[in-house]
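> Next come a sequence and a model predicted from it.
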Protein chains: 2
Amino acid sequence: MQQELKSEITKQLIINKAFSLFYEHGFKTTSIDKIMKETTLSKGAFYHHYKSKKELGLEVISLKVEKRVVNGMILPLKESGNAYQILQEVFVNRLKDFSIYDKQHGCPMNNLINEIGNNEVAYQKALKNIIEQWKTALVQLIERGKVENSIKKDISSKATAMYLISSFEGIRGIRKLYDTDVVIEEYISGLSFYLQQMKV
Amino acid sequence: MQQELKSEITKQLIINKAFSLFYEHGFKTTSIDKIMKETTLSKGAFYHHYKSKKELGLEVISLKVEKRVVNGMILPLKESGNAYQILQEVFVNRLKDFSIYDKQHGCPMNNLINEIGNNEVAYQKALKNIIEQWKTALVQLIERGKVENSIKKDISSKATAMYLISSFEGIRGIRKLYDTDVVIEEYISGLSFYLQQMKV
DNA sequence: ACATAAACATACTAACTGGTATTTTTTTTA
DNA sequence: TAAAAAAAATACCAGTTAGTATGTTTATGT
């Protein structure tokens, strides 16, 4: 039982270090050696817990990357309150709350989508799953807004959800190229204008 | 003079093959060996024309990637006609005209932004330059629309331009995860709704 | 036609890659 | 407490990486 715990702790250590390195340097250029040097464990330890780099990648996506999006962008949508206001706050606040590091390094999910999104079907599915969760939560919120009469009834929830997600992920990438927040401020201004028209 | 031409032809050959391989497999995982195997020339030939992979990467960005965006998204904005209509057509038609291959592989620029956009300042600058050109062209078109009275005068051109670019690049990435055009159709629907509100 | 230089080829290096085989250490169980 | 099993370490492998050193071939200018 103590062994089981130890194993779990080691796996978590590997996953956490792997996520950080993938985020900082990309997936392909982060080697198992580099990850294990960070954990101060050996390569043998890695291949005892994981059968391949691919398996690790999938765990990092489904545990770390997904959790980040769920906590930052999905759960806040499910809180009670005015749907329109929640929509506005979540997108704007999240963007403003990012650290400089996170702004410079973009969205971990979006980085992976664009780096390995068309390499392996398994990665594709894992990443798509996150997008679908996000989309579903947005659609639910928008539908809620229609019922409570804070959002216009004639707009397409799915289209709006998809457009919101696209623009958010897009700006997260583009911001990486800049060293100021100007593009983010412009994005927020464009977003606000977009949101306003769906306000009832 | 014949030599100069030969040199230019070889460089173009290398750049073209490099672009295709970067687009298909990503920048980091495409080696000089793979590129030169495609050209049926040798590694010696490569290092005679380029001093490093980085130098090649920068040429691919400034020649091939930039040209693609200029031809597909920027030049069409400068044609005469109703500004609002041009905006709508360029974004929607471009997206619909992509081949299956291009949909599956995303936007070459966006792929690079997310793969190497925070690695090297040189890459950052080259990619940012393309975004800035695109943004400028969009701002000009929107301003033109305001003058000719096809676009509302109270909207921010810069914010709108940035929001349009963000969402376009975002959906190009997300589409890589899917095997149907559903997300693209939703995006177009969301975009149309966004555009409608700026119509005078 | 001959020296010069450009274009390209061949052979190599040292570091790094994902992964394996084997051994040692630690924990569990009977 | 001894055998079994899990956790981790060590040493290795074959293939790949960007880049270099040193050639050979081809064009150019005199």
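Perfect, thanks for sending it. Numbers count the residues shown, from 1 in each chain, chains lettered A, B, ... in the order given.
> got a list of contacts for the lowest-mean-pLDDT helix or strand in chain A?
Every helix and strand in chain A was compared by mean pLDDT, DSSP states H and E; the lowest is helix A:2-25, with a mean of 92. For helix A:2-25, the external contacting residues (C-beta atoms under 8 Å, 6 or more residues apart in numbering or on different chains) are A:30, A:34-36, A:38-39, A:41, A:45-46, A:49-50, A:56-57, A:59-60, A:63-65, A:105, A:108, A:111-112, B:119. Just so you know, the C-beta spots here come from the backbone N, C-alpha and C atoms, and that holds for glycine as well.
> Does the host helix or strand of residue A:127 reach DNA strand C?
Assigned by DSSP states H and E, residue A:127 falls within helix A:121-147. No - for helix A:121-147, no contact with DNA strand C is found by C-beta under 7 Å from any atom of the strand; the gap never falls below 12.5 Å.
> that older thread, just the buried residues of the least confident helix or strand of chain A, please?
Under the neighbour-count criterion of 16 or more other C-beta atoms under 10 Å in any protein chain shown, helix A:2-25 has A:10-11, A:13-23, A:25 buried.
> go on, stretch A:193-200?
Buried, per 16+ other C-beta under 10 Å, within stretch A:193-200: A:193, A:194, A:195, A:198.
> May I have the distance across that stretch, first residue to last?
Stretch A:193-200 has its terminal residues 14 Å apart, counting by C-alpha to C-alpha, to the nearest Å.
> any residue of it up close to chain B?
Yes - against chain B, stretch A:193-200 shows contacts by C-beta under 8 Å from any C-beta of the partner chain at A:193, A:194, A:196, A:197, A:198.
> what's the answer for stretch A:70-82, then?
No - for stretch A:70-82, no contact with chain B is found by C-beta under 8 Å from any C-beta; the gap never falls below 13.4 Å.
> returning to what we had before: need the buried residues of stretch A:193-200 in CSV with pLDDT, secondary structure and distance to DNA strand D, can you?
CSV is the format used below for the buried residues of stretch A:193-200 (pLDDT from 0 to 100; DSSP: H, G, I helix; E, B strand; the rest coil; distance: C-beta to the nearest atom of the strand, whole Å):
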residue, pLDDT, secondary structure, distance to DNA strand D
A:193, 95, helix, 44
A:194, 95, helix, 41
A:195, 95, helix, 44
A:198, 94, coil, 47
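> Just give me the closest of those residues to residue B:97.
Taking C-beta to C-beta as the measure, residue B:97 lies nearest residue A:194 of these, at 24.8 Å.
> returning to what we had before: identify the farthest-apart pair in the buried residues of stretch A:193-200.
A:193 and A:198 (10.8 Å).
> ok, now which ones touch the nearest residue in space to residue A:141 that is not next to it in sequence?
Excluding the flanking residues, the one nearest residue A:141 by C-beta to C-beta, 6 or more residues apart in numbering or on different chains is residue A:77, at 4.7 Å. Neighbour list for residue A:77: A:86, A:87, A:90, A:137, A:138, A:140, A:141 [criterion: C-beta under 8 Å, 6+ apart].
> Residue A:130 is in contact with residue A:117, correct?
No - between residue A:117 and residue A:130 there is no contact, the gap being 11.6 Å when judged by C-beta atoms under 8 Å.
> Pick out the residue nearest the middle of chain A.
residue A:69 (3.7 Å; C-alpha atoms, centre = their mean).
> Distance check, that residue against residue A:197.
Remark: distance between residue A:69 and residue A:197 (C-beta to C-beta, to the nearest Å) = 26 Å.
> Closest one of the buried residues of helix A:2-25 to residue B:189?
Nearest to residue B:189 among the buried residues of helix A:2-25, with distances taken as C-beta to C-beta, is residue A:23, at 32.6 Å.
> coming back round to it: and of the buried residues of helix A:2-25, the nearest to residue A:154?
For the buried residues of helix A:2-25, the nearest to residue A:154 is residue A:23 (40.3 Å; C-beta to C-beta).
> Distance-wise, check residue A:168 relative to residue A:174.
Counting by C-beta to C-beta - residue A:168 and residue A:174 are separated by 11 Å.
> Of the two, which one has the most company?
residue A:174 (27 against 22; other C-beta atoms under 10 Å in any protein chain shown).
> which SS state does the more buried one fall under?
Of the three states, residue A:174 takes helix under DSSP: H, G, I helix; E, B strand; the rest coil.
> is it true that it touches residue B:131?
Yes - assessed by C-beta under 8 Å, residue A:174 is found in contact with residue B:131 at 6.1 Å.
> Return every residue with contacts to both of the two.
Counting by C-beta under 8 Å, 6+ apart, the residues touching both residue A:174 and residue B:131 are residue B:165.
> residues near residue A:159, how many?
21.
> Now do the contacts for it.
Contacts of residue A:159 (C-beta under 8 Å, 6+ apart): B:186, B:187, B:189, B:190, B:193.
> any idea how far it is from DNA strand D?
41 Å (C-beta to the nearest atom of the strand, to the nearest Å).
> Grab the nearest non-local neighbour of that residue.
In space, residue A:159 is closest to residue B:189, 3.6 Å off (C-beta to C-beta, 6+ apart).
> got any ranges where chain A has weak pLDDT?
Scanning chain A with the threshold set as pLDDT under 70 gives A:1, A:3.
> Could you list the domains of it?
Domains of chain A are assigned by automatic domain parsing as A:1-50, A:57-196.
> mind checking the end-to-end distance for the longest one?
Start-to-end span of domain A:57-196 (C-alpha to C-alpha) is 39 Å.
> in what helix or strand does the closest residue to DNA strand D within chain A lie?
Distances between chain A and DNA strand D by C-beta to the nearest atom of the strand are smallest at residue A:44, namely 1.9 Å. For residue A:44, the element it lies in under DSSP H and E is helix A:43-49.
> quick one: contacts of that helix?
Against helix A:43-49 from outside (C-beta under 8 Å, 6+ apart): A:7, A:10, A:11, A:14, A:32, A:33, A:35, A:36, A:39, A:56.
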